[in-house]
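Engineer: Provided below for reference: sequence and predicted model.
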Amino acid sequence: GALALPERAGDGDILPHERTMAKAKSDRLDLLRATRLNLDPIWGLSLAQGLSALVDTSVELGRCVDEDGNTHTLFAIDDPEQVAAIGARVASAPVVLADGHHRFETAITYRGERVTAGGAGDVAAGSAPDVGSGAIMALIVELADDELCIQAIHRLVALPDGFDPRAALGDVGTITAVESIAAAGERGLVLADGDGLWLLEPHTAVLDAALAGEPDAVRATDAAIVEHVIAPRWPDAQWTFRHDGDEVVAQVKAGTYSAGVVLRAVSVATTRAAATARVRMPQKTTFFYPKPRTGMVFRDLDGA
(Lines give C-alpha, C1' and ligand atoms only; values in the text may rest on other atoms or scores of the structure.)
Protein backbone atom coordinates (compact mmCIF):
# COMPACT_ATOMS: atom_id res chain seq x y z
CA GLY A 1 0.00 0.00 0.00
CA ALA A 2 0.88 3.69 -0.05
CA LEU A 3 2.33 4.71 3.32
CA ALA A 4 2.01 8.45 4.00
CA LEU A 5 5.34 10.14 4.71
CA PRO A 6 5.98 12.14 7.89
CA GLU A 7 7.45 15.62 7.85
CA ARG A 8 10.85 14.23 8.87
CA ALA A 9 12.33 10.75 9.35
CA GLY A 10 11.68 9.69 12.93
CA ASP A 11 8.60 11.87 13.36
CA GLY A 12 5.27 10.33 14.25
CA ASP A 13 4.75 6.56 14.34
CA ILE A 14 6.95 5.45 11.44
CA LEU A 15 10.10 4.42 13.26
CA PRO A 16 13.47 3.88 11.55
CA HIS A 17 15.43 1.22 13.41
CA GLU A 18 18.88 1.63 11.79
CA ARG A 19 21.16 4.53 10.98
CA THR A 20 21.69 5.31 7.31
CA MET A 21 24.58 6.21 4.98
CA ALA A 22 24.67 9.38 2.87
CA LYS A 23 25.98 7.76 -0.32
CA ALA A 24 23.17 5.22 -0.50
CA LYS A 25 20.59 8.01 -0.15
CA SER A 26 22.12 10.14 -2.92
CA ASP A 27 22.03 7.19 -5.35
CA ARG A 28 18.38 6.50 -4.59
CA LEU A 29 17.45 10.16 -4.91
CA ASP A 30 18.92 10.26 -8.41
CA LEU A 31 16.89 7.15 -9.31
CA LEU A 32 13.67 8.61 -7.93
CA ARG A 33 14.17 11.88 -9.81
CA ALA A 34 14.77 9.98 -13.05
CA THR A 35 11.90 7.47 -12.83
CA ARG A 36 9.24 9.19 -10.67
CA LEU A 37 8.35 5.66 -9.54
CA ASN A 38 8.48 3.53 -6.43
CA LEU A 39 10.12 0.48 -8.01
CA ASP A 40 9.92 -1.79 -4.98
CA PRO A 41 8.29 -1.60 -1.56
CA ILE A 42 10.01 -0.65 1.64
CA TRP A 43 9.31 -3.17 4.39
CA GLY A 44 7.54 -2.10 7.57
CA LEU A 45 6.81 -4.04 10.76
CA SER A 46 3.50 -3.25 12.43
CA LEU A 47 3.25 -3.35 16.22
CA ALA A 48 -0.51 -3.94 15.82
CA GLN A 49 -1.73 -7.50 16.36
CA GLY A 50 -4.11 -9.32 14.03
CA LEU A 51 -3.10 -7.61 10.80
CA SER A 52 -2.57 -10.87 8.90
CA ALA A 53 -6.08 -12.07 9.78
CA LEU A 54 -7.50 -9.18 7.73
CA VAL A 55 -5.68 -10.15 4.53
CA ASP A 56 -7.63 -11.88 1.74
CA THR A 57 -5.52 -14.15 -0.49
CA SER A 58 -8.26 -15.36 -2.81
CA VAL A 59 -7.41 -13.21 -5.86
CA GLU A 60 -3.96 -14.24 -7.07
CA LEU A 61 -2.31 -11.98 -9.64
CA GLY A 62 0.99 -13.75 -10.13
CA ARG A 63 3.92 -15.51 -8.56
CA CYS A 64 7.61 -16.11 -9.04
CA VAL A 65 10.39 -18.20 -7.51
CA ASP A 66 13.61 -16.37 -6.67
CA GLU A 67 17.20 -17.61 -6.92
CA ASP A 68 17.05 -18.98 -3.35
CA GLY A 69 13.91 -21.02 -4.00
CA ASN A 70 11.48 -18.69 -2.19
CA THR A 71 8.03 -18.36 -3.74
CA HIS A 72 6.64 -14.81 -3.94
CA THR A 73 2.88 -14.60 -4.56
CA LEU A 74 1.00 -11.38 -5.29
CA PHE A 75 -2.71 -11.02 -4.41
CA ALA A 76 -5.18 -8.22 -5.06
CA ILE A 77 -7.11 -6.67 -2.17
CA ASP A 78 -9.68 -4.33 -3.67
CA ASP A 79 -12.74 -4.56 -1.42
CA PRO A 80 -13.18 -1.03 0.01
CA GLU A 81 -14.23 -2.23 3.46
CA GLN A 82 -11.31 -4.63 3.70
CA VAL A 83 -8.86 -1.96 2.51
CA ALA A 84 -10.26 0.44 5.11
CA ALA A 85 -9.97 -2.19 7.87
CA ILE A 86 -6.35 -2.92 6.97
CA GLY A 87 -5.54 0.78 6.83
CA ALA A 88 -7.13 1.37 10.21
CA ARG A 89 -5.23 -1.52 11.79
CA VAL A 90 -1.89 -0.30 10.42
CA ALA A 91 -2.68 3.23 11.62
CA SER A 92 -3.50 1.99 15.13
CA ALA A 93 0.13 1.28 16.11
CA PRO A 94 3.66 2.34 15.17
CA VAL A 95 5.32 0.91 12.06
CA VAL A 96 9.00 0.00 12.33
CA LEU A 97 11.10 0.13 9.16
CA ALA A 98 12.68 -3.28 8.58
CA ASP A 99 14.16 -2.61 5.15
CA GLY A 100 14.27 0.49 2.99
CA HIS A 101 15.57 3.14 5.39
CA HIS A 102 17.48 4.89 2.61
CA ARG A 103 14.49 4.82 0.24
CA PHE A 104 12.23 6.12 3.02
CA GLU A 105 14.50 9.08 3.85
CA THR A 106 15.08 9.70 0.14
CA ALA A 107 11.32 9.82 -0.45
CA ILE A 108 10.98 12.49 2.25
CA THR A 109 13.74 14.52 0.60
CA TYR A 110 12.15 14.11 -2.83
CA ARG A 111 8.72 15.10 -1.50
CA GLY A 112 10.34 18.27 -0.13
CA GLU A 113 11.80 19.04 -3.55
CA ARG A 114 8.41 18.62 -5.19
CA VAL A 115 6.68 20.81 -2.60
CA THR A 116 9.25 23.53 -3.30
CA ALA A 117 8.67 23.10 -7.02
CA GLY A 118 4.89 23.23 -6.53
CA GLY A 119 4.32 19.75 -7.95
CA ALA A 120 3.59 17.57 -4.94
CA GLY A 121 0.35 16.74 -3.25
CA ASP A 122 -1.62 14.29 -1.19
CA VAL A 123 -2.07 10.70 -2.38
CA ALA A 124 -5.73 11.43 -3.12
CA ALA A 125 -5.26 14.95 -4.44
CA GLY A 126 -5.78 14.26 -8.13
CA SER A 127 -3.61 13.97 -11.24
CA ALA A 128 -1.08 16.78 -10.86
CA PRO A 129 2.58 15.81 -11.46
CA ASP A 130 4.12 13.98 -8.51
CA VAL A 131 0.80 13.88 -6.66
CA GLY A 132 1.99 10.59 -5.17
CA SER A 133 5.23 11.92 -3.68
CA GLY A 134 3.53 12.37 -0.31
CA ALA A 135 3.67 8.61 0.25
CA ILE A 136 5.87 5.59 -0.47
CA MET A 137 4.98 2.05 -1.50
CA ALA A 138 5.29 -0.28 1.49
CA LEU A 139 4.85 -3.91 2.46
CA ILE A 140 3.62 -4.10 6.08
CA VAL A 141 3.74 -7.28 8.19
CA GLU A 142 3.31 -7.95 11.89
CA LEU A 143 6.38 -7.73 14.14
CA ALA A 144 6.00 -11.34 15.26
CA ASP A 145 8.29 -14.37 15.34
CA ASP A 146 6.23 -16.40 12.88
CA GLU A 147 6.14 -13.51 10.38
CA LEU A 148 9.87 -12.76 10.25
CA CYS A 149 13.26 -14.24 9.50
CA ILE A 150 16.05 -11.93 10.68
CA GLN A 151 19.60 -12.68 9.60
CA ALA A 152 22.84 -10.88 10.37
CA ILE A 153 24.80 -8.60 8.07
CA HIS A 154 28.50 -9.44 8.20
CA ARG A 155 31.62 -7.40 7.49
CA LEU A 156 34.50 -7.79 5.06
CA VAL A 157 37.50 -5.63 5.84
CA ALA A 158 40.43 -4.30 3.83
CA LEU A 159 43.36 -3.44 6.13
CA PRO A 160 46.80 -1.92 5.51
CA ASP A 161 49.61 -4.34 4.67
CA GLY A 162 51.28 -5.68 7.78
CA PHE A 163 48.39 -4.83 10.10
CA ASP A 164 47.53 -7.69 12.48
CA PRO A 165 43.78 -7.53 13.18
CA ARG A 166 43.86 -10.08 16.01
CA ALA A 167 46.77 -8.44 17.79
CA ALA A 168 44.88 -5.13 17.69
CA LEU A 169 42.02 -6.81 19.58
CA GLY A 170 44.24 -8.40 22.22
CA ASP A 171 42.77 -6.30 25.03
CA VAL A 172 39.17 -6.88 23.99
CA GLY A 173 38.62 -10.44 25.19
CA THR A 174 39.33 -14.09 24.61
CA ILE A 175 40.23 -15.12 21.04
CA THR A 176 40.03 -18.86 20.35
CA ALA A 177 40.55 -20.82 17.13
CA VAL A 178 37.40 -22.52 15.73
CA GLU A 179 36.95 -24.86 12.79
CA SER A 180 33.82 -23.23 11.37
CA ILE A 181 31.18 -20.57 11.94
CA ALA A 182 28.82 -23.26 13.20
CA ALA A 183 31.39 -24.43 15.77
CA ALA A 184 31.33 -20.97 17.35
CA GLY A 185 27.61 -21.25 17.94
CA GLU A 186 26.11 -18.21 19.66
CA ARG A 187 29.06 -17.58 21.97
CA GLY A 188 30.42 -14.51 20.20
CA LEU A 189 31.59 -12.94 16.97
CA VAL A 190 33.74 -14.90 14.54
CA LEU A 191 36.84 -13.28 13.04
CA ALA A 192 38.29 -14.51 9.77
CA ASP A 193 41.87 -13.71 8.79
CA GLY A 194 44.69 -15.27 6.80
CA ASP A 195 45.33 -17.81 9.56
CA GLY A 196 41.78 -19.12 9.91
CA LEU A 197 38.66 -18.54 12.01
CA TRP A 198 38.61 -17.19 15.55
CA LEU A 199 35.89 -16.84 18.17
CA LEU A 200 35.97 -13.43 19.87
CA GLU A 201 34.37 -13.32 23.32
CA PRO A 202 34.73 -9.74 24.63
CA HIS A 203 35.26 -9.07 28.32
CA THR A 204 32.21 -7.65 30.07
CA ALA A 205 34.22 -4.69 31.37
CA VAL A 206 35.31 -3.79 27.84
CA LEU A 207 31.73 -3.88 26.56
CA ASP A 208 30.39 -1.92 29.52
CA ALA A 209 32.91 0.85 28.93
CA ALA A 210 32.54 1.00 25.16
CA LEU A 211 28.73 0.76 25.08
CA ALA A 212 27.92 2.82 28.16
CA GLY A 213 26.18 5.49 26.10
CA GLU A 214 24.00 3.11 24.08
CA PRO A 215 20.43 2.00 24.94
CA ASP A 216 19.97 -1.59 26.11
CA ALA A 217 18.49 -2.73 22.77
CA VAL A 218 21.55 -1.44 20.93
CA ARG A 219 23.99 -2.92 23.44
CA ALA A 220 22.50 -6.34 22.66
CA THR A 221 23.68 -6.26 19.03
CA ASP A 222 26.97 -7.44 17.57
CA ALA A 223 26.86 -4.47 15.19
CA ALA A 224 27.34 -2.19 18.21
CA ILE A 225 30.38 -4.22 19.27
CA VAL A 226 31.85 -3.85 15.79
CA GLU A 227 31.14 -0.11 15.75
CA HIS A 228 32.33 0.77 19.26
CA VAL A 229 34.92 -1.91 20.06
CA ILE A 230 36.46 -3.34 16.88
CA ALA A 231 36.35 -0.40 14.46
CA PRO A 232 38.29 1.99 16.75
CA ARG A 233 41.06 -0.61 17.00
CA TRP A 234 41.16 -0.99 13.21
CA PRO A 235 41.36 2.75 12.40
CA ASP A 236 42.39 2.45 8.74
CA ALA A 237 39.95 -0.30 7.79
CA GLN A 238 37.67 -0.14 4.76
CA TRP A 239 34.40 -1.92 5.44
CA THR A 240 32.14 -3.88 3.06
CA PHE A 241 28.85 -5.55 4.01
CA ARG A 242 27.63 -9.07 3.15
CA HIS A 243 24.71 -11.09 4.47
CA ASP A 244 26.31 -14.49 3.68
CA GLY A 245 28.77 -15.55 6.39
CA ASP A 246 30.23 -18.37 4.29
CA GLU A 247 30.97 -15.88 1.52
CA VAL A 248 32.81 -13.66 4.00
CA VAL A 249 35.02 -16.58 5.05
CA ALA A 250 35.63 -17.58 1.41
CA GLN A 251 36.60 -14.04 0.39
CA VAL A 252 39.12 -13.78 3.23
CA LYS A 253 40.51 -17.25 2.50
CA ALA A 254 40.96 -16.26 -1.15
CA GLY A 255 42.89 -13.16 -0.11
CA THR A 256 40.37 -10.73 -1.58
CA TYR A 257 39.97 -9.09 1.84
CA SER A 258 42.29 -8.90 4.83
CA ALA A 259 39.72 -9.97 7.40
CA GLY A 260 36.05 -10.58 8.06
CA VAL A 261 33.69 -10.38 11.00
CA VAL A 262 30.72 -12.78 11.17
CA LEU A 263 27.95 -11.44 13.41
CA ARG A 264 25.07 -13.12 15.20
CA ALA A 265 21.52 -12.37 14.10
CA VAL A 266 19.39 -9.95 16.11
CA SER A 267 16.28 -11.49 17.65
CA VAL A 268 12.72 -10.37 17.01
CA ALA A 269 12.51 -9.51 20.73
CA THR A 270 15.49 -7.16 20.49
CA THR A 271 14.05 -5.60 17.35
CA ARG A 272 10.76 -5.01 19.14
CA ALA A 273 12.56 -3.57 22.18
CA ALA A 274 14.44 -1.10 19.99
CA ALA A 275 11.22 -0.13 18.23
CA THR A 276 9.33 0.37 21.47
CA ALA A 277 12.16 2.50 22.86
CA ARG A 278 12.31 4.44 19.57
CA VAL A 279 16.05 3.97 19.22
CA ARG A 280 18.07 3.24 16.09
CA MET A 281 20.47 0.34 15.84
CA PRO A 282 23.84 0.77 14.08
CA GLN A 283 23.77 0.72 10.29
CA LYS A 284 23.58 -2.72 8.69
CA THR A 285 22.48 -4.52 11.85
CA THR A 286 19.63 -6.64 10.47
CA PHE A 287 18.92 -8.48 7.23
CA PHE A 288 15.23 -9.30 6.94
CA TYR A 289 14.72 -12.28 4.63
CA PRO A 290 13.43 -12.99 2.04
CA LYS A 291 13.16 -9.55 0.45
CA PRO A 292 10.08 -8.51 -1.55
CA ARG A 293 11.06 -8.73 -5.21
CA THR A 294 11.72 -5.58 -7.20
CA GLY A 295 9.43 -5.33 -10.22
CA MET A 296 6.33 -7.18 -9.02
CA VAL A 297 4.58 -3.87 -8.28
CA PHE A 298 5.42 -0.35 -9.45
CA ARG A 299 3.87 2.82 -7.98
CA ASP A 300 3.67 5.79 -10.33
CA LEU A 301 4.09 9.07 -8.46
CA ASP A 302 2.34 10.96 -11.26
CA GLY A 303 -0.75 8.82 -11.08
CA ALA A 304 -0.90 7.45 -7.52
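Structural biologist: In hand now; what should we look at?

Engineer: which stretches of this protein have low pLDDT?
Structural biologist: 18-24, 119-129, 304 (pLDDT under 70).

Engineer: most centrally placed residue in it?
Structural biologist: Compute the mean C-alpha point of the chain, and by CA atoms, centre = their mean the closest residue is residue 99, 4.0 Å away.

Engineer: what residues are up against that one?
Structural biologist: Residue 99 makes contact with 42, 43, 288, 291 under the criterion CB atoms under 8 Å, 6 or more residues apart in numbering. Any C-beta I mention is one placed from the backbone N, CA and C, and that applies to glycine too.

Engineer: measure the last one to residue 222 for me?
Structural biologist: Spatial separation of residue 291 from residue 222 under the definition CB to CB, to the nearest Å is 21 Å.

Engineer: those two: which has the busier surroundings?
Structural biologist: Using other CB atoms under 10 Å as the criterion, residue 291 and residue 222 rank with residue 222 on top: 25 against 18.

Engineer: for that one, list the residues it contacts.
Structural biologist: By CB under 8 Å, 6+ apart, the contact list for residue 222 reads 152, 189, 263, 264.

Engineer: write a ChimeraX command that selects only the buried members of those.
Structural biologist: Applying 16 or more other CB atoms under 10 Å to those, the buried members can be selected in ChimeraX as follows:
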select :152,189,263,264
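
Engineer: so what pairs up with the residue nearest to the centre of the chain in the strands?
Structural biologist: Applying DSSP bridges to residue 99 gives these bridge partners: residue 43.

Engineer: then residue 241?
Structural biologist: Going by DSSP bridges, residue 241 is paired in beta bridges with residue 155.

Engineer: so it touches residue 152, yeah?
Structural biologist: No: using CB atoms under 8 Å, residue 241 makes no contact with residue 152, being 10.4 Å away.

Engineer: need the helices for the stretch 51-200 of the chain, in chain order.
Structural biologist: Ranges of helices in the stretch 51-200 of the chain, per DSSP state H, counting those that start in this stretch, are 80-91, 101-117, 181-184.

Engineer: out of those, nearest to residue 302?
Structural biologist: Nearest to residue 302 among the helices of the stretch 51-200 of the chain is helix 101-117 (10.7 Å), distances taken as CB to CB.

Engineer: list the buried ones in stretch 197-213?
Structural biologist: Quick answer for stretch 197-213 (16+ other CB under 10 Å): 197, 198, 199, 200, 202, 206, 207, 210, 211.

Engineer: reformat those as a markdown table; add distance to residue 31.
Structural biologist: Below are the buried residues of stretch 197-213 laid out as a markdown table (distance: CB to CB, whole Å):
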| residue | distance to residue 31 |
| --- | --- |
| 197 | 38 |
| 198 | 40 |
| 199 | 41 |
| 200 | 38 |
| 202 | 40 |
| 206 | 42 |
| 207 | 39 |
| 210 | 37 |
| 211 | 36 |
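
Engineer: and of those, the nearest to residue 73?
Structural biologist: Checking those against residue 73 with CB to CB, the nearest one is residue 197 at 38.9 Å.

Engineer: my read is that the closest one contacts residue 181, right?
Structural biologist: Yes: if you go by CB under 8 Å, residue 197 and residue 181 touch, sitting 7.1 Å apart.

Engineer: shared neighbours, these two?
Structural biologist: Common neighbours of residue 197 and residue 181 (CB under 8 Å, 6+ apart) are 190, 249.

Engineer: report the distance from stretch 145-159 to the chain centre.
Structural biologist: Averaging C-alpha positions (CA atoms, centre = their mean, to the nearest Å) puts stretch 145-159 9 Å from its chain's average.

Engineer: list the buried residues in it.
Structural biologist: Neighbour-count burial for stretch 145-159 [16+ other CB under 10 Å]: 148, 150, 151, 152, 153, 154, 155, 156, 157, 159.
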